[in-house]
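Asker: Return atomic coordinates for the entry below.
(one chain, ligands or ions: 2)
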Amino acid sequence: MTSHIRDVPDYPKPGVVFKDITPLLAEPAAFGAMTAEFVRIATELGATKVVGLEARGFILAAPVAVDGGFGFVPVRKAGKLPGEVFAVSYQLEYGEAVLEIHRDSFQPGDRVLIVDDVLATGGTAAAALQAIRECGAETVGLAVLLELTFLDGRARLSAEAPAMPVHALLAV
Ligand SMILES: O=P(O)(O)OC[C@H]1O[C@H](OP(=O)(O)OP(=O)(O)O)[C@H](O)[C@@H]1O
Ligand SMILES: Nc1ncnc2[nH]cnc12
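Answerer: Numbers count the residues shown, from 1 in each chain. Ligands and ions are numbered 1, 2, ... in the order given. Model (predicted):
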């Protein structure tokens, strides 16, 4: 799968090396292998719902939900969800934003796996964790395609949720 991720230097800001997953998405065998691995992780963790983080996380999480038989819940950037929301502001590697989730996204007993493409500083995933927690649901894990270890997102997440498993299919 590594060979299907393209480095784009100085995007979206000077000094950032952007990890572009579009070549992987264009390759059905690689996309399918990644999805199968996420389904295996979700099943092992006993997940009932898969949360996808807008926008690239949607692309990865939706087939996991369908193939694995889990409910899909979107976490969106501010102002896009029509119902009552919880909102969390956060910083990421190259900017800042606000995430929102519908307040009624979960039922009692739901076990949530967050799926995203990249774990960088961990700011986005930590914000998603907070939003899911505000809904009263339990997050049983985070699964990402690629972890940028030098940005130490795991430390950011362990401050937020010390025991939560973090699965990265690839790491650089
Ligand atoms: O660990 P962090 O430093 O928080 O960075 C990781 C996040 O950054 C990217 O999202 P982005 O907001 O660029 O959204 P996109 O999926 O809409 O491109 C990526 O998809 C992760 O969600
Ligand atoms: N370097 C990077 N490449 C792709 N997505 C990212 N999200 C945060 N940092 C990123």
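Asker: Show the backbone phi and psi for T121.
Answerer: Its backbone dihedrals place T121 at phi -80, psi -20, with angles given as degrees, to the nearest 10.
Asker: got it, and the one 10 residues further on?
Answerer: A131 has phi and psi values of phi -70, psi -40 when expressed as degrees, to the nearest 10.
Asker: Per-residue pLDDT of V144, please?
Answerer: Residue-level confidence at V144 comes out at 98, pLDDT.
Asker: Which helix or which strand is home to the closest residue to R56 other than its chain neighbours?
Answerer: Among residues not flanking R56 along the chain, D117 sits closest, at 4.3 Å (CB to CB, 6 or more residues apart in numbering). (Each C-beta comes from the backbone N, C-alpha and C, glycine too.) Taking DSSP states H and E as the criterion, the element that holds D117 is strand 111-119.
Asker: Against which helices or strands is that strand packed?
Answerer: helix 28-44, strand 49-53, helix 56-68, helix 123-134, strand 138-147 (3 or more CB pairs under 8 Å, 6 or more residues apart in numbering; DSSP states H and E).
Asker: Distance to G109 and mean neighbour count for those - can I get that in CSV?
Answerer: Written out in CSV, the entries for those read as follows (distance: least, CB to CB, whole Å; neighbours: other CB atoms under 10 Å):
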stretch, distance to G109, mean neighbour count
helix 28-44, 16, 17
strand 49-53, 10, 25
helix 56-68, 17, 19
helix 123-134, 14, 22
strand 138-147, 9, 23
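Asker: Which of these sits closest to A78?
Answerer: Closest of those to A78 is helix 123-134, at 11.3 Å (criterion: CB to CB).
Asker: Who are the packing partners of that closest one?
Answerer: With contacts defined as 3+ CB pairs under 8 Å, 6+ apart, helix 123-134 has these neighbours: strand 49-53, strand 85-92, strand 95-102, strand 111-119, strand 138-147, helix 153-160.
Asker: out of those, which comes closest to ligand 1?
Answerer: strand 85-92 (3.3 Å; CB to the nearest ligand atom).
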